[in-house]
Structure formats: structure tokens, C-alpha cells
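Visitor: Model the structure of this input:
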Amino acid sequence: MAEDAVLGTVLSDELRGRRIDFEEVPLVDLAALLDGSDPQGVAREVAEACERVGFLYVVGHGVPGALTEAAFAQARALFDLPLETKERWHIRRSAAHRGYIPLYEENTDPAGTADRKEAFDLGRDLGPEDPDVLVGKPLHGPNTWPEPALLPDFRPTIEAYEAEMQRLARDLLRAFALGLELPERWFDDKVDRPLSNLRLLHYPPQAGRVERREMGCGAHSDYGCLTILAQDEVGGLQLLNSAGDWVDAPPVAGAFVVNIGDQMARWTNDRFKATQHRVVNVSGRERYSLPFFFDPNYDTRVEALPSCLAPGETPRHAPVLAGEWLAQRLSATFAYRQQPGA
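Guide: As a prediction, this is how the structure comes out:
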């Protein structure tokens, strides 16, 4: 065990991440993709980062900094509410997996970790007349929204931020397609009704002995296509590099962290890496982050792209239906989904 910078906090050696220069996780400017001046050049940088690391920082993304800060402010306001108020919106009350997630409800590494975090999950807000809702397709339905009397600016701010995340995710998929030598819009019809999820996260500070069995978020790879993460200045994100070392991915002002999920790794036959990562918050401060998970349509069949298979090479993964894969992963990590009748 080693003593961390915060007085009184002792961090298990296996939870300590090596400090890195930003160059170890590449930083890519997306401006030339968005303005059309050099999409191929940006795509090459993005693809190289996805192949080598599975993580990258992106700047020049077009998301207003003031909007991101406003979304963080709404997340802080929500998590500052009394627990009994937040429990009214518990995710178990939603048929579409939306709402409040208390401490230890989700364990991303169920074999060895209890996740010390609380969250609030939102998706595409679908009414009862939506065709996928009408047929009872899993994970489709309305959001759970806090009452306007409690948080009057919450819904408009979060909806505006989520719309920007939807746009940025589709721009990144254009870069992915070009980097994989596919038509630029190849992914469009696979994500026109995506299983997207905006998550607001709060990590309370930890003190005393901090070990793997109780940490901010256990080691895992994300389940879907790609993730766009806004993290505050506190830090705590760590990723597992190709040498098997845990390294810190510190906040970079104005940048989002983008990482590859399991389904994109399957599509590319592991050419793009779904990298294990975790959160260890021993800053002594509250930590907030805003991950946006962008996953394919429920009925999209995800299988190795021919362009990612060498002649005679066999796919490393069996085909999966995107929505079924996601539902299985959620059921493996959320306690409420493991209860009878869930």
C-alpha cells in the first residue's frame, strides 16, 4: 500500500496509475473534419489512435464550452438533492432503463469490485406512440425527468447537451468509416435509431484504505460503439495500456475523451481496441463526469467488416445483435436487473 497525496488516504498499489504525457493518449483536432477541409487527414489520426490505444482526446469538436459547463452544473445540482428525493427516480421504476442509480447499484467489474458512484441515466426520449415503444422493444421509452419545480433548468440544458453529443458521435463515425476505408456515411443507417445513453456521474471522495473491492468504477470495457466523456478537473480515469500497465488519463482543458466500445471492436475484428479502463478517485474531492455512450440500433447485426479481415482470416468474434448484446451486459452489472421479474 502507498500513501496518496490526500492526507489520510492510502491507495492499494494495484490501483495506482502511472502518470503519462498527453502524447501517450493521442490528441486529435477534429476541425478539418467538421469544416470539410481535410476529413481524410483527421480520419487517419483518429484511426491510428483507435488502433494503437483505443482512447483519444478530441478538440475542435464544436461543442460550446459554456454548454458543457452548464451540463456539469445541472449534474451537481441533481446529486446535491436529498437521497430520498433521488430515490423517487430510481432506475428500477423505468421499463426503459432510465433514472437514478445509487451507490453500488451498478458494478462494472462484478467479479471483484463495488462501484462507489451514483449516476443518472437518460436516453432518446421516446413517447408511447414511437413504433419501437409500441412493439415493446427493450431499452426504448421515455426518460425519467426531475420535476421542473426542483430543477427548472435541468431538462432544457441536458437535452441541448445530449443533442450536441448525438451530433459529435455521428461526426466521429464519419472519421471511423473513412479510417476503415469505407464510404463516409457507412454507419448512418446502423445508428439512425441508436441506443444512446447520456450518463451523469458523481464519485464521492474516498478516504482511509482504498482497495480494488471498493473503488469509483471497476475495470471494464464499454459495451457499444463509442463513448464521449467530459470529465471535470479532478481526474481519476485510468486505462490499461498494451504493456499491461494502468496509466492515468488526466483531464485536458476543452477536450473530450473518446474511447472504443466492444461492438466497434467486433466490427473491426479488434483492429480498433476496446480498452479496459477504471476510475480511482482519491483526490479528496467530489468528482463529476458526463459519459455519452453511442451504440447501434437495437436490430443492427454487428460482425467483422470484410475490410478488417485479411485473406483467409477468420473473425475473432461471433456476430451479435446490438441491442441484445447491450441488454445482456446491463443485466450482468446492474443489481436491479438481476432480481426476479426484472
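
Visitor: mind listing the helices for the protein?
Guide: Taking DSSP state H to define them, one finds helices in the chain at 31-34, 39-52, 65-79, 83-86, 131-134, 154-179, 262-267, 322-333.

Visitor: which other helices and strands contact the first one?
Guide: I take that to be helix 31-34. helix 39-52, helix 154-179 (3 or more CB pairs under 8 Å, 6 or more residues apart in numbering; DSSP states H and E). Placement of C-beta: from N, CA and C, glycine included.

Visitor: so which of those gets nearest L134?
Guide: helix 154-179 (22.7 Å; CB to CB).

Visitor: which strands and helices sit next to the closest one?
Guide: helix 31-34, helix 39-52, helix 65-79, strand 197-203, strand 226-231, strand 287-294.

Visitor: Just send these back as a markdown table, with mean neighbour count and mean pLDDT too.
Guide: Listed next are those as a markdown table, based on neighbours: other CB atoms under 10 Å; pLDDT from 0 to 100:
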| stretch | mean neighbour count | mean pLDDT |
| --- | --- | --- |
| helix 31-34 | 18 | 98 |
| helix 39-52 | 19 | 97 |
| helix 65-79 | 17 | 98 |
| strand 197-203 | 23 | 97 |
| strand 226-231 | 23 | 98 |
| strand 287-294 | 23 | 97 |
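
Visitor: Which of these sits closest to D270?
Guide: helix 39-52 (9.5 Å).

Visitor: now the angle between helix 154-179 and that closest one, please.
Guide: Between helix 39-52 and helix 154-179, the angle comes out at 90 degrees (axes from the mean of the first three to the mean of the last three CA atoms, to 10 degrees).

Visitor: how about low-confidence regions in this structure?
Guide: 1-23, 110, 112, 207-214, 340-342 (pLDDT under 70).

Visitor: nearest to L229, of the helices of the chain?
Guide: The nearest among those, by CB to CB, is helix 154-179 at 10.3 Å.

Visitor: Find the nearest non-adjacent residue to G60, please.
Guide: Nearest residue to G60 in three dimensions, chain neighbours excluded: A31, at 3.4 Å (CB to CB, 6 or more residues apart in numbering).

Visitor: er, G123 actually
Guide: Closest to G123 by CB to CB, 6+ apart is N197, at 5.3 Å.

Visitor: hang on, the earlier thing: output the helices and strands packed on helix 31-34 in JSON lines, with distance to A318 appended to each entry.
Guide: Formatted as JSON lines, those follow (distance: least, CB to CB, whole Å):
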{"stretch": "helix 39-52", "distance to A318": "22"}
{"stretch": "helix 154-179", "distance to A318": "22"}
